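K.L.:
Just to be clear, the model below is a prediction. Sequence and coordinates:
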Amino acid sequence: MNAAKSGHNPGQKGWIVMRKIQKYKGWTIRQGTETSADGAEHVIYQCYTPKEMQYPASIRSAEWTACSLREAIDFIDSYPA
């Protein structure tokens, strides 16, 4: 669903647009941009456990939000099994 159809404005404060999906050790890492209060866009990476990805997208929540892909990978590496 695109932003126009969803009724959300991607330029709106706090809006997150998720784009790319990567897999690492069974986890899903989604890359996106987040617009801050000052209007600047920041790249973020959200990490989802394999179990979390079994839920419908509408109720899924990220286990961790990172500022870099390296941080996301480090988080997954340090996550207790």
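P.N.:
Done, it's in. This one's a predicted model, so the numbers in the text were calculated from it and none came from an experiment.
K.L.:
looking at it, Trp64 is touching Ile44, isn't it?
P.N.:
No. In this structure Trp64 lies outside contact range of Ile44 using C-beta atoms under 8 Å: 10.4 Å. Backbone N, C-alpha and C define where each C-beta goes, glycine included.
K.L.:
What helices and strands are in contact with the helix or strand hosting Gly32?
P.N.:
Using DSSP states H and E, Gly32 sits in strand 27-35. Helices and strands touching strand 27-35, by 3 or more C-beta pairs under 8 Å, 6 or more residues apart in numbering; DSSP states H and E, are strand 16-24, strand 41-48, helix 69-78.
K.L.:
shaky segments in this protein?
P.N.:
Applying pLDDT under 70 to the chain flags residues 1-18.
K.L.:
Give the buried residues for the strand holding Gly32.
P.N.:
27-32, 34-35 (16 or more other C-beta atoms under 10 Å).
K.L.:
ok, now which ones touch the residue positioned nearest the centre of the chain?
P.N.:
Central residue of the chain (C-alpha atoms, centre = their mean): Gln46, 3.1 Å from the mean position. For Gln46, the contact set (C-beta atoms under 8 Å, 6 or more residues apart in numbering) comprises 18, 29-30, 32, 62, 64-66.
K.L.:
do that again at 7 Å, thanks
P.N.:
Applying C-beta atoms under 7 Å, 6 or more residues apart in numbering, we find Gln46 in contact with 30, 62, 65.
K.L.:
same question, Cys67
P.N.:
By C-beta under 7 Å, 6+ apart, the neighbours of Cys67 are Ile44.
K.L.:
cool, Tyr24 as well?
P.N.:
73, 76.
K.L.:
let's go with 10 Å and repeat that
P.N.:
By C-beta atoms under 10 Å, 6 or more residues apart in numbering, Tyr24 lies in contact with 47, 69, 72-73, 76-77.
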